[in-house]
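In: sequence plus predicted model, see below.
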Amino acid sequence: MIHQVEIRDLNFGYGDQLVLKGIHLTVPKGSLVAIMGLSGCGKTTLLRLMGGQLLARQGSVRVAGQELNHMNEAQLYAMRRQVGMLFQFGALFTDLSVFDNVAFQMREHTRLPESMIRDLTLMKLNAVGLRGVQSLMPAELSGGMARRVAMARATALDPALILYDEPFTGLDPISMGAIGRLIRQLNDALGATSVLVTHDVQESMKIVDYIYFVSDGVIVAQGTPEEIHASALPFVHQFVWGEADGPLPFHYPGPTLKMDFGDERGQA
Amino acid sequence: MRGAWGQGLRNVGDTTLRIVERIGAVVLFLGQILRHSGTSFRRFSLVIREIYFAGVQSLIIILVSGLFVGMVLGLQGFETLQSYGSSESVGVLVALSLMRELGPVVSALLFASRAGSAITAEIGLMKATEQLSAMEMMAVNPLARVVAPRFWGGVISLPLLAALFTALGIMGGFLVTVIMLKVDSGAFWSQMQAAVDFRHDILNGMIKSLVFGVAVAAIATFEGYEAPPTAEGVSGATTRTVVSSSLAILALDLLLTAFMMKGWN
């Protein structure tokens, strides 16, 4: 099987603190893979390592067979032309209109005539259902619309790999469903490979092919949506069914209640 | 007591080290900007856009301030020179003060507060909202596409603004002294013409404002690019731009004036 992304023995940290420990992960070409876990577990860091925005301290990160750790700045930028990324809140350029945002990469990286750029941009906007907002500024869009425009921008040059960072955050259920469908459709229509970082279990289970669960910087479970759904692992069960208490306690570790409110205060 | 002195000395040392480190970081950043400036010159429309935002939009404050500064200089100069019986020389005083010092320095201080802070806030907010990261992921270097055009926009704008500040200042001085205080118009202009030297006064003033432009634009873009991606971070960076730029302008002015005066002798 050909892998678009291949991560082996990856360790990554900030300062002395390791955020990701011994990660093994593969994303087959053409598939849509989700990385799930609690906030702060290292999911987004993993995504940034795949995009070459962070470089691994130890281990290997290969995208389309190329080792990112050995690339210089020019090679990294060349690799990124094959990658599209959707940021958590879209990250649209606020000084450019919707049209100019989507056309940005075409103008930067191609020598296409403006008439062709116009047609391609409108096609990309049409694919996300937003051809009608081409002249609006990002500040005039709703959260869901901004996310869809950002998807059109991320796929402007038909990338081989699309990375999605929390695409469902802060969206209403209708927008969430629309974004989910678009992620699947764009992946299949472009023949691309997609990696989706999310903690929205229900929406992503409907569209992805495979799921990795990350907790405390380690992959604790993996499988197809059906396998994950049926998993008896306590952490996975708690996460999938949204239980408040379980292996991941509701309370963050701290002093006892008595220490904070009761008799023991001041006696220590 | 000795402990307090030691601690105080240590604090002074730490602060000095931090300042030197910061200056070093700005200089290294300036080197990076220059390395990534190719795009700015190949696509000069990017720089022209920034000249509009940094330069054209600062015109009102620069022109009005120049006019008032010139008027005040005229009034003060007339008052002083009259007691020596040489009130006709007020044109020389106004012109030399503006060309050598006030034009470059005051316009640079105003530029740092008006345009420098705006550049820092814009780049800082682009960073906080992940626009710079998005650009990187689109294989576009933010240093080349965002930072360098803003830097060159600032560097080109400031000498032009300083020239306009000086011109309006001289007009302000003329209005107050010739129109209001009835100083002889011929003496005002002819003495100015005789006293002003192109190299010593005009060229040196332009060199000063060019150096101030480089300093302000480098500090403003550096602070924005390095700002922590939070509301507090961007606000702190904007303040640092105004404070650091103002101090840099005054320090560089002293240095440049000393060198230029040495050249006159």
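Out: Yep, it's here.

In: and the stretch 51-200 of chain B, which residues reach chain A?
Out: Residues of the stretch 51-200 of chain B lying close to chain A (Cβ under 8 Å from any Cβ of the partner chain) are B:125-126, B:129-131, B:133-141, B:145. C-beta: built from backbone N, CA, C; applies to glycine.

In: please redo it, this time with the cut-off set to 7 Å
Out: B:129-131, B:133-134, B:136-141 (Cβ under 7 Å from any Cβ of the partner chain).

In: which among the residues you listed gets closest to B:R10?
Out: B:S133 (38.2 Å; Cβ to Cβ).

In: residues near the closest one, how many?
Out: By other Cβ atoms under 10 Å in any protein chain shown, the residues close to B:S133 number 20.

In: quick one, phi psi at it?
Out: Torsion angles at B:S133 (phi, psi; degrees, to the nearest 10) stand at phi -60, psi -40.

In: okay, helices next: where are they in chain B?
Out: Per DSSP state H, chain B carries helices over the ranges B:2-35, B:38-42, B:44-50, B:59-83, B:90-96, B:103-111, B:117-128, B:131-137, B:142, B:148-174, B:185-195, B:204-225, B:231-264.

In: convert the fifth one to PDB, retaining C-alpha atoms only.
Out: Going back to what we said before, that points to helix B:90-96. Output in PDB follows, covering the C-alpha atoms of helix B:90-96 (Å, rounded to 0.1, in the frame of the first residue of the first chain):
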ATOM      1  CA  VAL B  90      14.300  84.300  11.000                       C
ATOM      2  CA  GLY B  91      14.000  82.500   7.700                       C
ATOM      3  CA  VAL B  92      17.400  81.000   8.100                       C
ATOM      4  CA  LEU B  93      16.600  79.900  11.600                       C
ATOM      5  CA  VAL B  94      13.400  78.300  10.500                       C
ATOM      6  CA  ALA B  95      14.900  76.600   7.500                       C
ATOM      7  CA  LEU B  96      18.000  75.200   9.100                       C
END
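
In: now do it, average pLDDT.
Out: Here helix B:90-96 scores 94 as its mean pLDDT.

In: same check, this time on the first one
Out: Mean pLDDT, computed over helix B:2-35, is 92.

In: hmm, that helix in reach of chain A?
Out: No: against chain A, helix B:2-35 shows no contacts by Cβ under 7 Å from any Cβ, the least distance being 10.8 Å.

In: the inter-axis angle of that helix versus helix B:231-264?
Out: With axes from the mean of the first three to the mean of the last three Cα atoms, to 10 degrees applied, the angle from helix B:2-35 to helix B:231-264 works out at 80 degrees.

In: any regions of chain B where pLDDT drops low?
Out: B:1-2, B:263-265 (pLDDT under 70).

In: how close does the spatially most central residue of it get to A:Q66?
Out: In chain B, the residue lying closest to the centroid (Cα atoms, centre = their mean) is B:A108, at 2.1 Å. For B:A108, the distance to A:Q66 equals 47 Å [Cβ to Cβ, to the nearest Å].

In: could you do A:V195 as well?
Out: Distance from A:V195 to A:Q66, counting by Cβ to Cβ: 16 Å.

In: more neighbours, these two?
Out: Set side by side, A:V195 and A:Q66 show more neighbours around A:V195, with 25 against 15, by other Cβ under 10 Å.

In: ok, now how distant is that one from A:A160?
Out: 12 Å.

In: same check on B:M171?
Out: Distance of B:M171 to A:A160, computed by Cβ to Cβ: 62 Å.

In: just the terminal-to-terminal distance for stretch A:93-101.
Out: 6 Å (Cα to Cα, to the nearest Å).

In: in that stretch, what's buried?
Out: A:93, A:96-101 (16 or more other Cβ atoms under 10 Å in any protein chain shown).

In: how about JSON lines for the residues you listed, with pLDDT added?
Out: Formatted as JSON lines, these follow (pLDDT from 0 to 100):
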{"residue": "A:F93", "pLDDT": "94"}
{"residue": "A:L96", "pLDDT": "93"}
{"residue": "A:S97", "pLDDT": "95"}
{"residue": "A:V98", "pLDDT": "96"}
{"residue": "A:F99", "pLDDT": "96"}
{"residue": "A:D100", "pLDDT": "95"}
{"residue": "A:N101", "pLDDT": "95"}
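
In: may I have stretch A:43-54 as CSV, with CA atoms only?
Out: The C-alpha trace of stretch A:43-54 is given here as CSV (Å, rounded to 0.1, in the frame of the first residue of the first chain):
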residue,chain,number,x,y,z
LYS,A,43,-3.2,16.5,17.7
THR,A,44,-2.5,19.9,16.1
THR,A,45,1.2,19.6,16.8
LEU,A,46,1.1,16.3,14.8
LEU,A,47,-0.7,18.1,11.9
ARG,A,48,2.0,20.9,11.9
LEU,A,49,4.7,18.2,11.8
MET,A,50,3.0,16.8,8.7
GLY,A,51,3.0,20.3,7.1
GLY,A,52,6.7,20.8,8.0
GLN,A,53,5.8,23.8,10.2
LEU,A,54,7.5,22.0,13.0
